[in-house]
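>>> heads up, no residue letters with this:
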């Protein structure tokens, strides 16, 4: 994370040098692509981005079309027979508001608790002269090597025996802490000078106070990264919901959408789910993510680089 | 002991983590292994049957079909995902206009934000034979009969590979881009002084410098391959079950839908074992050959 911040000046220095060099060493050797190649490269990227945008745009267009129009074939880049009927039907008649609300509850409760518990655990790992710290780190590392999918079945049994099946608590609890987040928190906290903590301790501050008043504000951008990652993965959480929830009043968005989009093909229900209704459901699930994404992209990149390049 | 008491507050802060992992990770792990050695019943005694359940799994042709599909789809996702994300990263690295670069980078990452339910749903509609965008485009290109992409076995695995590359390439691409900014600029200068053009610089400087990142990415994705689940649960349908059922959907089906927890647990432990073997093989190979 630190490295990314310091990169900008390095790059601009490189840019300056490059300009000087191109003056001196013009000819076959260049730090830029040949103009023709550069144009091809630009076109390639535009096409690539188009393959990402078009499917999403297509869904938006269908969701805003009228029921009949959305069933008719043909390439369309703007809604035909513009109508919000799809949204109205999926939200009220098919009661998507209920899974949406469940999703909001699970996502917020889960994210807040995750960040809180992981920051507390991460904090203990940076305390110097803390007995058994090595053991705790070892304990965490083992948890990170066991793939959670591989214990799908016994996890189901444990949840059943704890009476958690068909409760939202099961979904909040699932992944409430993770070794990855704890270690990430610890690495963010480590960038705060340790002397500050010692002087706070001399002034009589306890651990909780030091964590909440000193570390959380100073490591805010790191906290934001973990929070956003957790928010997105909670919003999208699917496997635990599929495993633990069968009562449709407890459905989360992903489960509701699955039965709306995918299973509705197979079931010959009393009414046909038209494409505009299905895509309206998809858009509703995507919207919160799309709205926050432009503002938080920086943190995503930060989190990725903290996770990947450091190793 | 006084030191311990002095830190009691700190231990309390770690307690939730220990409790969680004991209940939801270590215990299920032991429990799963025990079940895999038993004949499972929800109520009543559960006699130990040794390795019988493992034998049953290994004797099940559906398990082998699932393994074959996992390796087939996984290899495709690894290979094409690797090439696509690297190509995108190199291409983005050559863009001079920072705004254009940032925009493309942002757009490429978008599909990774969404769950497989959403991505699967979008592609099921796009690939639909009646009026899906892909078939409409094919019609423009002169294909007369709409293609039933998701109902034909010969396309099934390729669609799983393609949609996965579409969803994940932006994520991997950003990892490569971040690693590229850490390459020492003097390497490029040296190459330039030796008369290397930009393409040669990419080939002789950028690519070799990215090898450690490639290895990390490869290991992470390799471990993910055996665990792929969401995508297949969402995108499969009865017409293509045979081609796209993977190990985890096999476990899910056996354990949750047919309630054969013992068979499912044995299969899970075979997957864990396979993961360990793959990791070991890769760490051996990469140490001797690549670095």
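Right, received. Where do you want to start? What you see is a predicted model; the values in this text were computed from it and never measured. Numbering: from 1, shown residues only, chains lettered A, B, ... in the order given.

>>> Every contact and neighbour count from this point should use C-alpha atoms.
Fine.

>>> For the stretch 101-250 of chain B, give me the ranges with low pLDDT.
Of all residues in the stretch 101-250 of chain B, none has pLDDT under 70.

>>> Quick check: closest non-adjacent residue to the one residue in it that gets nearest to chain A.
The nearest approach of the stretch 101-250 of chain B to chain A comes at residue B:131, 3.8 Å away (Cα to the nearest Cα). Using Cα to Cα, 6 or more residues apart in numbering or on different chains and skipping residues adjacent in sequence, the residue nearest residue B:131 is residue A:73, 3.8 Å away.

>>> Residue A:276 too?
Per Cα to Cα, 6+ apart, closest to residue A:276 is residue A:63, 4.2 Å.

>>> For that neighbour, grab the count of nearby residues.
By other Cα atoms under 10 Å in any protein chain shown, the residues close to residue A:63 number 29.

>>> hang on, it packs against residue B:122?
No - judged on Cα atoms under 8 Å, residue A:63 makes no contact with residue B:122 at a distance of 11.4 Å.

>>> any residues in contact with both of those two?
Contact with both residue A:63 and residue B:122 is made by residues residue A:279, according to Cα atoms under 8 Å, 6 or more residues apart in numbering or on different chains.

>>> how near is residue A:186 to residue A:145?
19 Å (Cα to Cα, to the nearest Å).

>>> May I ask you to confirm that residue A:240 is in contact with residue A:171?
Yes - counting by Cα under 8 Å, residue A:240 touches residue A:171, with 6.5 Å between them.

>>> Which one of the two is surrounded by more residues?
residue A:171 (27 against 17).

>>> Now do that one, the pLDDT please.
With respect to pLDDT, residue A:171 scores 95.

>>> Next, count neighbours for the residue of chain A found nearest chain B.
Distance from chain B to each residue of chain A (Cα to the nearest Cα) is smallest for residue A:73, at 3.8 Å. Neighbours of residue A:73 under the rule other Cα under 10 Å: 14.

>>> for the one 4 residues further on, same thing?
The burial metric for residue A:77, expressed as a neighbour count using other Cα under 10 Å, is 12.

>>> center of chain A, which residue is that?
What sits nearest the mean C-alpha location of chain A, by Cα atoms, centre = their mean, is residue A:232, with 2.8 Å.

>>> and stretch A:117-129, how far from the chain's centre?
24 Å (Cα atoms, centre = their mean, to the nearest Å).

>>> same deal with stretch A:32-49?
30 Å.

>>> Check whether that stretch comes into contact with chain B.
Yes - using Cα under 8 Å from any Cα of the partner chain, stretch A:32-49 comes into contact with chain B via A:32, A:33, A:38, A:41, A:42, A:45, A:46, A:48, A:49.

>>> now what about stretch A:145-163, what contacts it?
By Cα under 8 Å, 6+ apart, the list of residues contacting stretch A:145-163 reads A:165, A:170, A:243-244, B:23-25, B:28-29, B:31-32, B:227, B:248, B:252, B:255-256, B:261, B:264-265, B:268-269, B:271-272.

>>> and the residues you listed, which are buried?
Buried subset of those (neighbour count, 16 or more other Cα atoms under 10 Å in any protein chain shown): A:165, A:170, A:243-244, B:24-25, B:28-29, B:31-32, B:227, B:248, B:252, B:255, B:261, B:264-265, B:268-269, B:271-272.

>>> Next, the buried residues of stretch A:61-68.
In stretch A:61-68, counting by 16+ other Cα under 10 Å, buried: A:61, A:62, A:63, A:64, A:65, A:66, A:67.
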